[in-house]
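**Student:** starting from these lines, generate the structure:
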Amino acid sequence: MKSPIELALVMLDELASHLGVCATQDKKTCLSRFEHEGLSFLTITLADFATDLQKGLSQGFVDRSLFASFARKGELPRFLGGFLDLVFDRGSGVLLDSPSSNSIQAMFQFTRFFAKMRIPCTQQRILKAVEKYVECEKEIKDSDRERTTDDYSLFSRAATLLFGDALAHAEADVLNDRHIPKHGPGATADRLRGNAKFAQLKWPLRLEPHFPSWDFIVPGLRFREMLDAVDFLEPGREEPVRVITVPKTLKTPRIIAIEPTAMQYAQQSLMELFVHYLERDDFLQGMVGFTDQEPNQLFARKGSIDGSLATLDLSEASDRVSNQLVLGLLKNHPHLSDAVQACRSRKAEVPGHGVLRLAKFSSMGSALCFPMEAMVFLCLIFVGIAEGLGRQLDRNLILEFRSQVRVFGDDMIVPNDLAPSVVRVLENFGFRVNRHKSFWTGLFRESCGKEYYAGDDVSVVKMRSVLPSSRTHVAEVIATVKLRNLLYQQGLWATCQWLDDNVIGKVLPHYPVVESTSAVLGRESASFAPLAEQVDPDLHVPLVRGYVVSSQPPVSRLDGEFALLKFFIKRGDEPYEDGHLERAGRPEAVYLKLRWKQPY
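**Tutor:** Numbering: from 1, shown residues only. The predicted structure follows:
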């Protein structure tokens, strides 16, 4: 495998040439630090440099608490000194009157490029992450005990004002059995895959009042004799969620909780109701989003221009949403609340800690995690706004500020001058505001993957996978071709050429120029148009020879009444794909096949 330090040096050279600065000493520093620190220099040390750069931009100056692991000249580090001199004054460390957005973007591009590589952490870091998950549970219980009656009253008032109409519609659908279940493609705690999920033979009893087995796991009352084979689980026999870690960064893994099939199946039916009614509610007017990140990004840009809006980010956001808050959120809608609680997993199997009873509503992995956390955060934002203004929280206050507030998951947009008050409320309710990724001073803003400084887009491309050394490393090949084309769109053409010559071209003998819409793995180009290698004799369209991604769902046969159930709960008018009763689920492997395809 080509060492990532080679790629890093090529990129650093190109970024420096774009700005007319010298990177000779920076390259020597990279080589020396990489030799001693290894990959962690690229993935952790440089990422910490980017975090300190963000803080310097936010506070308007660099002090000695920033860039502590790098030697200094004046008030700025020597490393990336040519870039930093275009942004800060070296003598005082103060932000220049007209800092270079291009230099800011270049520094972020280089220092964050490797930060999100999905490489397994050390066992020590994995164990530490699991310990934090367990510790988080204890902290949620402490926060539940510390919250006052007034806290809950304010929170519930916000929920009623914000979501009363939307939740009433969702509750009516639950009462009238208009919620339709759905299976997802992912793993489940009971390890059912593909079509096997439709043939459920275990069903928690507490689902029955709102998700009756005769309607959810068999095609209808005519088939109720099938229920004789179902094992109805008392609460004490329910399958717990299975807590696992998956690669996120070299610094820390991501923790997710895999839900049992039955719970996920029921959760999906409610999730669709919440998303539908919240996104279409006239009063909310887009304050909550689940499918479109662009409004958050546009708000972040506006905040970076005029300073009117702040961007907030939370640490461990999903894991810190207390179930007590969800109960308060839905307390005026008892039937909907009961349905949500019925399909909420109460226990988790945590590696090294056994089965724990959960105080959190859910971890990432539940279909209801995203909508519940978004509603909780929006309520707390308006509690914070009212507190900051010293006003009563009412409908008029919400109308006044609804064009300045937006929540997408744990990415929040709030009025800039009221951000400290919102932060205080969030922390009072047990959440942790990530102050490294929250901005309400300076002209830097970040939300939903987009970063802006003074209105200029300074977002970066990030490497997600190791570089492939063979065509058999299919996932790595696909990721690297995608990375190459994103870098090309970013204007880093020399870096792309290095990838073409030293990595991709060596594992893909056929690597044509293509458009982004082509199925062929190829390189995009603004200088050269795709060149047809032959013409299709039937369709008379140009063709190129290249590799296409091929995969096939695993064998998963379904027939009889359970196949009928799959038909009944289908969404949309489009028919199922051919063979869906023979194969289903996520492919176990993907392949690259050499084919003649259109380059467009």
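**Student:** could you identify the longest strand within this structure?
**Tutor:** Criterion DSSP state E: the longest strand present in the chain is strand 542-551.
**Student:** quick one: mean pLDDT over it.
**Tutor:** The average pLDDT within strand 542-551 is 96.
**Student:** got the residue ranges for the helices in the stretch 201-350 of the chain?
**Tutor:** 213-216, 261-280, 294-306, 323-329, 334-342 (DSSP state H, counting those that start in this stretch).
**Student:** show me which residues of the last one are buried.
**Tutor:** Read that as helix 334-342. Neighbour counts over helix 334-342 (16 or more other Cβ atoms under 10 Å) mark 336, 337, 339, 340, 341, 342 as buried. Backbone N, C-alpha and C define where each C-beta goes, glycine included.
**Student:** re earlier: right, and the helices of the stretch 201-350 of the chain - which one's nearest residue 497?
**Tutor:** helix 294-306 (30.3 Å; Cβ to Cβ).
**Student:** C-alpha coordinates for that closest one, PDB please?
**Tutor:** Output of helix 294-306 as PDB, limited to C-alpha atoms (Å, rounded to 0.1, in the frame of the first residue of the first chain):
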ATOM      1  CA  GLU A 294     -29.200  22.500   2.900                       C
ATOM      2  CA  PRO A 295     -31.200  24.900   5.000                       C
ATOM      3  CA  ASN A 296     -28.800  24.400   7.900                       C
ATOM      4  CA  GLN A 297     -25.900  25.000   5.600                       C
ATOM      5  CA  LEU A 298     -27.400  28.200   4.200                       C
ATOM      6  CA  PHE A 299     -28.000  29.500   7.700                       C
ATOM      7  CA  ALA A 300     -24.400  28.700   8.600                       C
ATOM      8  CA  ARG A 301     -23.200  30.800   5.600                       C
ATOM      9  CA  LYS A 302     -25.500  33.700   6.700                       C
ATOM     10  CA  GLY A 303     -24.100  33.500  10.200                       C
ATOM     11  CA  SER A 304     -20.600  33.700   8.900                       C
ATOM     12  CA  ILE A 305     -21.400  36.800   6.900                       C
ATOM     13  CA  ASP A 306     -23.300  39.000   9.300                       C
END
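**Student:** of all the helices of the stretch 201-350 of the chain, which one is nearest residue 195?
**Tutor:** Checking the helices of the stretch 201-350 of the chain against residue 195 by Cβ to Cβ gives helix 261-280 as the closest, at 12.0 Å.
**Student:** ok, back up a step: off-centre distance for the longest strand of the chain?
**Tutor:** In this view, strand 542-551 has its centroid 30 Å away from the chain centroid, taken as Cα atoms, centre = their mean, to the nearest Å.
**Student:** and stretch 183-195, by the same measure?
**Tutor:** 21 Å.
**Student:** for residue 2, give me the pLDDT.
**Tutor:** Reported pLDDT for residue 2: 63.
**Student:** surely residue 284 meets residue 399?
**Tutor:** No - under the criterion of Cβ atoms under 8 Å, residue 284 makes no contact with residue 399, lying 11.2 Å away.
**Student:** ok, these two, which is more surrounded?
**Tutor:** More crowded of residue 284 and residue 399, by other Cβ atoms under 10 Å: residue 284, with 20 against 11.
**Student:** ok so, going back, show me which of the buried residues of helix 334-342 is closest to residue 12.
**Tutor:** residue 340 (50.5 Å).
**Student:** how close does the closest one sit to residue 370?
**Tutor:** According to Cβ to Cβ, to the nearest Å, residue 340 and residue 370 sit 13 Å apart.
**Student:** quick check: mean pLDDT of the longest helix that the chain contains?
**Tutor:** Longest helix in the chain by number of residues, with DSSP state H as the criterion: helix 149-175. Mean per-residue pLDDT for helix 149-175: 97.
**Student:** which ones are touching residue 91?
**Tutor:** Neighbouring residues of residue 91 by Cβ atoms under 8 Å, 6 or more residues apart in numbering: 74, 75.
**Student:** got it, and residue 355?
**Tutor:** Residue 355 sits next to 240, 347, 348, 349 when contact means Cβ under 8 Å, 6+ apart.
**Student:** export these to CSV and tack on pLDDT and neighbour count?
**Tutor:** Conversion of those to CSV gives the following (pLDDT from 0 to 100; neighbours: other Cβ atoms under 10 Å):
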residue, pLDDT, neighbour count
240, 97, 21
347, 97, 16
348, 97, 25
349, 97, 17
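**Student:** which residues are in contact with the next helix-or-strand element following the longest strand of the chain?
**Tutor:** Once the chain leaves strand 542-551, the next helix or strand it forms, by DSSP states H and E, is helix 560-568. Residues from elsewhere that reach helix 560-568 (Cβ under 8 Å, 6+ apart): 195, 198, 199, 217, 218, 219, 220, 223, 226, 558, 580, 581.
**Student:** mind putting those in JSON lines, distance to residue 248, neighbour count and pLDDT included?
**Tutor:** Listed next are these as JSON lines, based on distance: Cβ to Cβ, whole Å; neighbours: other Cβ atoms under 10 Å; pLDDT from 0 to 100:
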{"residue": "195", "distance to residue 248": "31", "neighbour count": "24", "pLDDT": "95"}
{"residue": "198", "distance to residue 248": "32", "neighbour count": "22", "pLDDT": "96"}
{"residue": "199", "distance to residue 248": "34", "neighbour count": "18", "pLDDT": "94"}
{"residue": "217", "distance to residue 248": "35", "neighbour count": "25", "pLDDT": "94"}
{"residue": "218", "distance to residue 248": "40", "neighbour count": "22", "pLDDT": "94"}
{"residue": "219", "distance to residue 248": "41", "neighbour count": "19", "pLDDT": "92"}
{"residue": "220", "distance to residue 248": "43", "neighbour count": "12", "pLDDT": "87"}
{"residue": "223", "distance to residue 248": "44", "neighbour count": "16", "pLDDT": "93"}
{"residue": "226", "distance to residue 248": "42", "neighbour count": "19", "pLDDT": "94"}
{"residue": "558", "distance to residue 248": "34", "neighbour count": "21", "pLDDT": "95"}
{"residue": "580", "distance to residue 248": "33", "neighbour count": "17", "pLDDT": "94"}
{"residue": "581", "distance to residue 248": "36", "neighbour count": "17", "pLDDT": "94"}
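**Student:** identify the residue spatially nearest to residue 576, adjacent ones excluded.
**Tutor:** Nearest residue to residue 576, sequence neighbours excluded (Cβ to Cβ, 6 or more residues apart in numbering): residue 570, at 6.9 Å.
**Student:** distance of the one you found from residue 180?
**Tutor:** According to Cβ to Cβ, residue 570 and residue 180 sit 9 Å apart.
**Student:** also residue 569?
**Tutor:** To residue 180, residue 569 is 6 Å away according to Cβ to Cβ.
**Student:** number of nearby residues for the nearest residue in space to residue 239 that is not next to it in sequence?
**Tutor:** Residue nearest to residue 239 in three dimensions, not counting chain neighbours: residue 260, with 4.2 Å by Cβ to Cβ, 6+ apart. Residue 260: 24 surrounding residues under other Cβ under 10 Å.
**Student:** tell me the residue in the protein that is farthest from the middle.
**Tutor:** Distance from the C-alpha centroid of the chain peaks at residue 537, with 44.8 Å (Cα atoms, centre = their mean).
**Student:** is that residue in a helix, a strand, or coil?
**Tutor:** Of the three states, residue 537 takes coil according to DSSP: H, G, I helix; E, B strand; the rest coil.
**Student:** make JSON lines out of the buried residues of helix 334-342 and add distance to residue 122 and pLDDT.
**Tutor:** Converted to JSON lines, those look like this (distance: Cβ to Cβ, whole Å; pLDDT from 0 to 100):
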{"residue": "336", "distance to residue 122": "44", "pLDDT": "98"}
{"residue": "337", "distance to residue 122": "42", "pLDDT": "98"}
{"residue": "339", "distance to residue 122": "42", "pLDDT": "98"}
{"residue": "340", "distance to residue 122": "38", "pLDDT": "98"}
{"residue": "341", "distance to residue 122": "38", "pLDDT": "98"}
{"residue": "342", "distance to residue 122": "40", "pLDDT": "98"}
